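> task: produce atomic coordinates for the following.
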Amino acid sequence: MTDSQDKQAAAAAAAAAAGKGKAFFNRGDQVAETGNWDFAIQMYLDGIRREPGNIERGHSLLREVSLKRKVQGGKPAGFMEAMKRKGGKEPVDMLVNAEFLLAKDPGNVSHMVAVLKAARKIDHPEVVKWMSLILFEAMKQAKRPDKRILVMIAEAFTEIEDYADALPACDMALQLDPNNADLQEMAKDLSAKGTIKQGKYDTGGSFTESVRDLNGQMALSQRDHLAQSRDFLEQDVENTRSEYEASPNEPAKINALADALLKIEEEGYENEAIDVLKKAHADSGEYRYKVRIDDVRIRQMRRRYNKLETDGQGDQAMQIARELTKFEMEVYTERAKNYPTDLSVKYELGRRQLTNGNLDDAIASLQQAQRDPKRRIQALTLLGQAFEKKQWYREAVETYEKALESEPLEIHAKELHYNLAQALKAMGEKQKALDHFSTVAQIDYNFRDVREQVEVMRKELQ
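As a prediction, this is how the structure comes out:
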């Protein structure tokens, strides 16, 4: 089926489905009021599937909910979830899947591009304009705008005969590549067509009405950036504080206020968050609040260390570093007792035990932590280092080899090969050690002192 046939089929389907998304949009509104963002996103998407051209009740509100979710710490879709949402058999499937991924990660330009591509396959110019404006705003805010994306935006606007919006995107692309003859010709063409077209939509009509609130949508599309502004953060604190004071024992309100306070990243606000969490811990006895308190204190100590180090106050920085090391050991020892089956805690504890020279304890912790698939490579790397520090070189070698069998990423592989080479060298296995040093040099010639190691060992073997 051609693109033209796709658009015709989609248009016919949309006409037949007009109004069929209403129940889902209404349900999305209700759920959004409770702060259940993920469920609200699904409801809006179900409505969009039935009414893909509904900007006001579908796409706009979905975008608003996704930005609120992001501001409150919502995470992007996981790997498997993202894989399930790639592409789609029909244009509307492609649109819904792309908007799902964008809703979970509203600042992701790649997902914006996917939404725009899907929108261009269906005959809904309102959706094309809505997404093109959001994507163009992202390009204007980007440190390094992408010429290819800017050209795509200009082409999308041109397809719906919106030359007034196409021209700025083309001009921006031309600024990135001023000698590009194709872009120069496109700009001239758009300028001419814009002059002819001027005023066509100013008389009103469904197209104009359907995008009348796009200025508001632009404000929403910048929510990720506004989240960094002081005014926005302080207003968020005020809003969540009011909700907390109305229900001070409700976990969602407690955590929302703590989140809002911590986003400002200033000690005064962080101390208020600690006070809120302390009260919650005292009232409920739930250890999770103590975890958050300790995380804040660790963050504060690290910030103090970094400032002292930057200011050249090395002695004071070292004092803070010693206090931090001691505190983290206490924190993770306590967490391991409270969460005995949490392998991520075992890993963090083992890492700190190794740093502090508690080798036997570190080995015990890291042997448990290696069962965590997410941290297996890192845990085995540290476990090998612990054996190596004890001068148990054979155990270190076998541990590094086990880690390499898991086919780690390049950044981990070169460290493992280097460590393995050092352990083999200590055992007198010079040729094997040289082989692994050589592997590191082939991956990253400037890694540590690998060049010197290769040259010295080759001379020794000769």
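> tell me the secondary structure of the nearest residue to residue 273 once chain neighbours are set aside, please.
Spatial nearest neighbour of residue 273, excluding adjacent residues (Cβ to Cβ, 6 or more residues apart in numbering): residue 261 at 4.0 Å. C-betas here are computed from N, CA, C, even on glycine. Put simply, residue 261 is helix when judged by DSSP: H, G, I helix; E, B strand; the rest coil.
> hang on, isn't residue 261 packed against residue 274?
No - between residue 261 and residue 274 there is no contact under Cβ atoms under 8 Å: 9.0 Å.
> higher neighbour count, these two?
residue 261 (26 against 21; other Cβ atoms under 10 Å).
> work out for me the element the closest residue to residue 332 other than its chain neighbours sits within.
Closest residue to residue 332 in three dimensions, ignoring its sequence neighbours and counting by Cβ to Cβ, 6+ apart: residue 349, at 4.1 Å. Assigned by DSSP states H and E, residue 349 belongs to helix 343-355.
> next helix or strand past that helix?
Next along from helix 343-355, by DSSP H and E: helix 359-369.
> what's the model's confidence in that next one, averaged?
Mean per-residue pLDDT for helix 359-369: 97.
> that helix relative to helix 343-355, how many degrees between them?
Angular relation of helix 359-369 and helix 343-355 on a 0 to 180 degree scale: 160 degrees, by axes from the mean of the first three to the mean of the last three Cα atoms, to 10 degrees.
> helix 359-369 packs against which elements?
With contacts defined as 3 or more Cβ pairs under 8 Å, 6 or more residues apart in numbering; DSSP states H and E, the packing partners of helix 359-369 are helix 343-355, helix 376-389.
> make JSON lines from those helices and add mean pLDDT to it.
Below are these laid out as JSON lines (pLDDT from 0 to 100):
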{"stretch": "helix 343-355", "mean pLDDT": "94"}
{"stretch": "helix 376-389", "mean pLDDT": "95"}
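> reformat the ones you listed into CSV and put distance to residue 160 next to each item.
Formatted as CSV, the helices and strands packed on helix 359-369 follow (distance: least, Cβ to Cβ, whole Å):
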stretch, distance to residue 160
helix 343-355, 49
helix 376-389, 49
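> quick one, the helix or strand containing residue 309 and helix 343-355 angle?
Secondary structure assignment for residue 309, by DSSP H and E: helix 287-310. Using the same axes, to 10 degrees, one finds that helix 287-310 and helix 343-355 are set 40 degrees apart in direction.
> contacts for helix 287-310?
254, 258, 262, 267, 270, 273-274, 277-278, 280-281, 314, 316-317, 320-321, 323-324, 327-328, 331, 335, 338 (Cβ atoms under 8 Å, 6 or more residues apart in numbering).
> output it as CSV, restricted to C-alpha atoms.
The C-alpha trace of helix 287-310 is given here as CSV (Å, rounded to 0.1, in the frame of the first residue of the first chain):
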residue,chain,number,x,y,z
TYR,A,287,12.5,1.8,57.1
ARG,A,288,12.1,3.2,53.5
TYR,A,289,11.9,6.7,54.9
LYS,A,290,15.2,6.2,56.7
VAL,A,291,16.7,5.1,53.4
ARG,A,292,15.7,8.4,51.8
ILE,A,293,17.0,10.4,54.7
ASP,A,294,20.4,8.7,54.5
ASP,A,295,20.6,9.2,50.7
VAL,A,296,20.0,12.9,51.2
ARG,A,297,22.8,13.1,53.8
ILE,A,298,25.2,11.3,51.5
ARG,A,299,24.3,13.7,48.7
GLN,A,300,25.0,16.7,51.0
MET,A,301,28.3,15.3,52.1
ARG,A,302,29.4,14.7,48.6
ARG,A,303,28.5,18.2,47.6
ARG,A,304,30.5,19.6,50.5
TYR,A,305,33.5,17.5,49.5
ASN,A,306,33.3,18.7,45.8
LYS,A,307,33.0,22.3,46.8
LEU,A,308,36.0,22.1,49.2
GLU,A,309,38.0,20.3,46.6
THR,A,310,37.2,22.9,43.9
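> residues touching the residue most central in space within the chain, list them.
Among the residues of the chain, the one closest to the centroid is residue 76, at 5.9 Å (Cα atoms, centre = their mean). By Cβ under 8 Å, 6+ apart, residue 76 lies in contact with 82, 101, 104-105, 108.
> let's verify it: helix, strand, or coil?
Quick answer, by three-state DSSP: residue 76 is coil.
> what are the phi and psi values for it?
phi -60, psi 170 (degrees, to the nearest 10).
> one more: residue 108?
phi -80, psi 110.
> tell me the spacing between the residue lying closest to it once chain neighbours are set aside and residue 118.
Closest residue to residue 108 apart from its sequence neighbours, by Cβ to Cβ, 6+ apart: residue 102 at 6.4 Å. Distance of residue 102 to residue 118, given as Cβ to Cβ, to the nearest Å: 10 Å.
> now residue 47
Distance from residue 47 to residue 118, by Cβ to Cβ: 16 Å.
> now do residue 22
22 Å.
> swap in residue 312?
54 Å.
> looking at those two now, which is surrounded by more residues?
Between residue 312 and residue 118, counted using other Cβ under 10 Å, residue 118 has the larger neighbour count: 24 against 8.
> so what's that one up against?
88, 91, 94-95, 97-99.
> quickly find the element holding it.
helix 109-120.
> send the alpha carbons of that helix over as CSV?
Taking C-alpha atoms only, helix 109-120 is exported to CSV below (Å, rounded to 0.1, in the frame of the first residue of the first chain):
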residue,chain,number,x,y,z
VAL,A,109,13.7,13.8,20.3
SER,A,110,13.9,10.4,18.6
HIS,A,111,10.4,9.6,19.9
MET,A,112,9.2,13.0,18.7
VAL,A,113,10.6,12.1,15.3
ALA,A,114,8.8,8.8,15.3
VAL,A,115,5.5,10.4,16.2
LEU,A,116,5.9,13.0,13.4
LYS,A,117,6.7,10.2,10.9
ALA,A,118,3.6,8.3,11.9
ALA,A,119,1.4,11.4,11.8
ARG,A,120,2.5,12.1,8.3
